[in-house]
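Novice: turn this into a structure:
(chains A and B)
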Amino acid sequence: MAEKTAAFFAKTRWEGETAVLDLHGEINSLAEAALDAAYATAEQGNPVKIVLNFAGVDYINSTGIALIVGLLARARAAHRPIAAAGLSEHYKEIFTITRLSDFMEIQ
Amino acid sequence: MTTLRGYWRNFRGEKEVEVVETAVSPLPSTPITQISNLDLDIAPNDLLLAYVQQNPGVLDVDQLKLDSPALAAIRDAGIRLIVPLVSQGELIGLINLGSRLSEQEYSSDDYKLLADLATQAAPALRVAQLVKQQQQEAAERERIEQELKVARLIQQTLLPQDLPALNGWGVSAYYQPARAVGGDFYDFIYFPDGRIGFVVADVTDKGVPAALVMATTRTLLRAAAERLEAPGAVLARTNDVLVQEIPPKMFVTCFYAVLNPATGHLRYANAGHDVPYRYTADGVVELRATGMPLGLMPGMGYDEKEVTLAPGEYVLLYSDGLVEAHNPQREMFGFPRLQELMATHANGDTLKDFLLDQLAAFTGPGWEQEDDVTLVTLQLGERLETGDWRLAEISSLQSPISISPIEFEIPSAPGNERLAMQRVAEVVARLLPAARLEKLKTAVAEATMNAMEHGNKYDPDKPTRLKVLVEETSIRVTITDEGGGPPLKTATHPDLEAKLAGDQSPRGWGLFLIQNMVDELNVRQDAQHHTIELVMFLNES
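Specialist: Numbering: from 1, shown residues only, chains lettered A, B, ... in the order given. Presented below is the predicted three-dimensional model:
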């Protein structure tokens, strides 16, 4: 299922017991509802792990970082491992600088 | 005595028939009996026409029994005799005679005299007709030549007199009008920040009408380009005005691109013009963008695309006079041939001569150019085979070309930070390695977002101002809002653990990110403004 905003949409798919959220577009304040909805969809399937796939994302701003922090907090509260895939080198560096990479696996 | 009274051109029969009305008097001093004025237009299928062609000689009108409107008209005019004038088997006129003044019948001598007269008069009349026809044709040719001169003058006056002189770029232009002068034109539009607009267009029709529409289109394009930045918007605006001005059934195809010479960034839109080609190391590709020709319908939208040209790459803008040229076998020069030829030719400066040679070889000698031929090339330089560096400045990150400060405003609205980021990237893209360019883009986006949100409170009446300054060793980008007052908070290291535990808001990354993305961050404020200055050194070490 896909959650859409004007410049962002997220689609949840399953690889075994892992839920993969394929993210597309810009992650900014406008992405919040769609990102939350996709995450909630994934959680309903009680995944052993959640992977955020950023391969289709071309822009993440500081509000987007805050949204990812929010998801990470929810996953940690549920003791659910979370990983990030498909990040560009630039955003990998930002995940390192912000220490997000200390709390989520960067694939 | 013979008088020439009327001359009618028989359009329907595609023939000229001279009707000479004649009155014959044995005593020249006596007044001539007037026959009524005859406005005779003989239809091609009139039986009289066929009859006189088959029966040369003097004809007594009263003796003719034909169902002929022309004959009826001749009778009504009081004509007694008609004498067909035939030259080389073709009826070219009639001599019409009324009654003799003596009221006697025409004698056989009269008939003979008239027949002899017709024999003499017909070739003389034919010669006169031919002379008149030649005079008319010469006048028509002169009128057309005069019109072509005017059309050429209009075009030559409006075409750019000089090529843009751009450091590191080679620009060439070629324009050869067809004899009939088509409606091609090209133009260069210079913007204060150093960007340059390139236009190539083709007006349907030829001659003066095309030249006038060309002049109008050029003016409208320039006016739109002064007010609007996006090439698609410029074409849309031009179209909306032109559609009200242009004569019916005429339209204009037009390709419009804006080049940032400092970065190689090219934004373009196309109103139905032949798709330009881009020469790259990997082959020749189309610069495709869709859009209807200008002047057909109001309210059209124009697809907009962008590319960044790499050193050695060139773009060819052209008109259909090249690709639609025919050889003696009526084959077209065509797009595939053009694309293949470009692939073999890496030098944009000499491309036009190469293509013209190829065109001449294709069409063969004696080719009459069918339409205007326009070629404009634009090449970003590199080390050529001859060994001279044409782009030493721009291709070296250590020695960027000097560009004037670029200043612009963006409306304070959510999401507009991407506009700021994109615009700054266009200016400095070729001056920074890719990874550092990405960092600067992120810093610009975050600083602009801060200015729009916290300084200007997303108030549309408070624009956020940006300035890009490229110096010898650094790039400085300043972002100014109208917040003023209290100093900006300094960046602190956000506590991710606290955020994950819910003890802190997950937000608050902006200034921290900015500080980590750039080499220097300077903050200034006065009573009315906050200004953030982002500095990236060109030599990282």
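Novice: residue contacts, the residue of the stretch 351-500 of chain B found nearest chain A?
Specialist: Per C-beta to the nearest C-beta, residue B:438 is where the stretch 351-500 of chain B lies closest to chain A, at 4.0 Å. All C-beta atoms are positioned from the backbone trio N, CA, C, and that covers glycine. Neighbouring residues of residue B:438 by C-beta atoms under 8 Å, 6 or more residues apart in numbering or on different chains: A:88, A:90.
Novice: quickly find the element holding it.
Specialist: Using DSSP states H and E, residue B:438 sits within helix B:434-450.
Novice: quick one: the strands in chain A?
Specialist: Secondary structure of chain A, counting by DSSP state E: strands at A:2-4, A:8-15, A:18-27, A:49-60, A:82-85, A:105-106.
Novice: and chain A, which residues reach chain B?
Specialist: Within reach of chain B by C-beta under 8 Å from any C-beta of the partner chain, chain A has these residues: A:7, A:26, A:28-30, A:59, A:61-63, A:65-67, A:69-70, A:72-73, A:76, A:88-90, A:93-94, A:97-100, A:102-103.
Novice: and these, which are buried?
Specialist: For those, a burial check counting by 16 or more other C-beta atoms under 10 Å in any protein chain shown picks out A:7, A:26, A:28-30, A:59, A:61-63, A:65-67, A:69-70, A:72-73, A:90, A:93-94, A:97-98, A:100, A:103.
Novice: in terms of helices and strands, where is residue B:342?
Specialist: Element membership for residue B:342, per DSSP H and E: helix B:335-343.
Novice: contacts for stretch A:83-95?
Specialist: Counting by C-beta under 8 Å, 6+ apart, A:20, A:49-57, A:60, A:65, A:100-101, A:104-107, B:435, B:438-439, B:442, B:513 sit against stretch A:83-95.
Novice: how about the contacts made by the residue nearest to residue A:48 when sequence neighbours are not counted?
Specialist: Excluding its sequence neighbours, the residue lying closest to residue A:48 (C-beta to C-beta, 6 or more residues apart in numbering or on different chains) is residue A:17, at 4.4 Å. Residue A:17 sits next to A:47, A:48, A:49 when contact means C-beta under 8 Å, 6+ apart.
Novice: just the closest of the residues you listed to chain B, please.
Specialist: residue A:49 (17.6 Å).
Novice: what's the spacing between the closest one and residue A:107?
Specialist: Distance of residue A:49 to residue A:107, given as C-beta to C-beta, to the nearest Å: 11 Å.
Novice: between these two, who's got more neighbours?
Specialist: The residue with more neighbours, out of residue A:49 and residue A:107, is residue A:49; 17 against 11, by other C-beta atoms under 10 Å in any protein chain shown.
Novice: what strand or helix carries residue B:93?
Specialist: In this structure, residue B:93 is located in strand B:90-97 according to DSSP H and E.
Novice: ok so, going back, which of the contacts of stretch A:83-95 count as buried?
Specialist: Buried members of the contacts of stretch A:83-95, counted by 16+ other C-beta under 10 Å: A:20, A:49-54, A:57, A:60, A:65, A:100-101, A:104, B:438-439, B:442, B:513.
Novice: low-confidence stretches in the stretch 301-450 of chain B?
Specialist: The model of the stretch 301-450 of chain B has pLDDT under 70 over residues B:382-404.
Novice: residues from it in reach of chain A?
Specialist: Residues of the stretch 301-450 of chain B lying near chain A (C-beta under 8 Å from any C-beta): B:414, B:415, B:417, B:418, B:435, B:438, B:439, B:442, B:445, B:446, B:449.
Novice: most widely separated two among those?
Specialist: Spanning the widest gap among those are B:414 and B:435, at 27.8 Å by C-beta to C-beta.
Novice: pull the CA atoms of the longest helix seen in chain A into PDB?
Specialist: Criterion DSSP state H: the longest helix present in chain A is helix A:62-77. C-alpha atoms of helix A:62-77 as PDB (Å, rounded to 0.1, in the frame of the first residue of the first chain):
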ATOM      1  CA  SER A  62      16.300  18.900   9.100                       C
ATOM      2  CA  THR A  63      12.600  18.400   9.600                       C
ATOM      3  CA  GLY A  64      12.900  15.200   7.700                       C
ATOM      4  CA  ILE A  65      15.800  14.200  10.100                       C
ATOM      5  CA  ALA A  66      13.400  14.900  13.000                       C
ATOM      6  CA  LEU A  67      10.800  12.600  11.400                       C
ATOM      7  CA  ILE A  68      13.300   9.800  11.100                       C
ATOM      8  CA  VAL A  69      14.300  10.400  14.700                       C
ATOM      9  CA  GLY A  70      10.600  10.000  15.600                       C
ATOM     10  CA  LEU A  71      10.400   6.700  13.800                       C
ATOM     11  CA  LEU A  72      13.600   5.500  15.400                       C
ATOM     12  CA  ALA A  73      12.200   6.400  18.800                       C
ATOM     13  CA  ARG A  74       9.000   4.400  18.100                       C
ATOM     14  CA  ALA A  75      11.000   1.400  16.900                       C
ATOM     15  CA  ARG A  76      13.300   1.400  19.900                       C
ATOM     16  CA  ALA A  77      10.300   1.600  22.200                       C
END
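Novice: excluding chain neighbours, give the residue nearest to whichever residue of the stretch 251-400 of chain B sits closest to chain A in space.
Specialist: Residue nearest to chain A within the stretch 251-400 of chain B (C-beta to the nearest C-beta): residue B:306, separated by 14.3 Å. Leaving out its chain neighbours, the residue that sits closest to residue B:306 by C-beta to C-beta, 6+ apart is residue B:267, at 4.5 Å.
Novice: do a quick rundown of the helices in the stretch 301-450 of chain B.
Specialist: B:320-323, B:335-343, B:351-363, B:392-395, B:417-428, B:434-450 (DSSP state H, counting those that start in this stretch).
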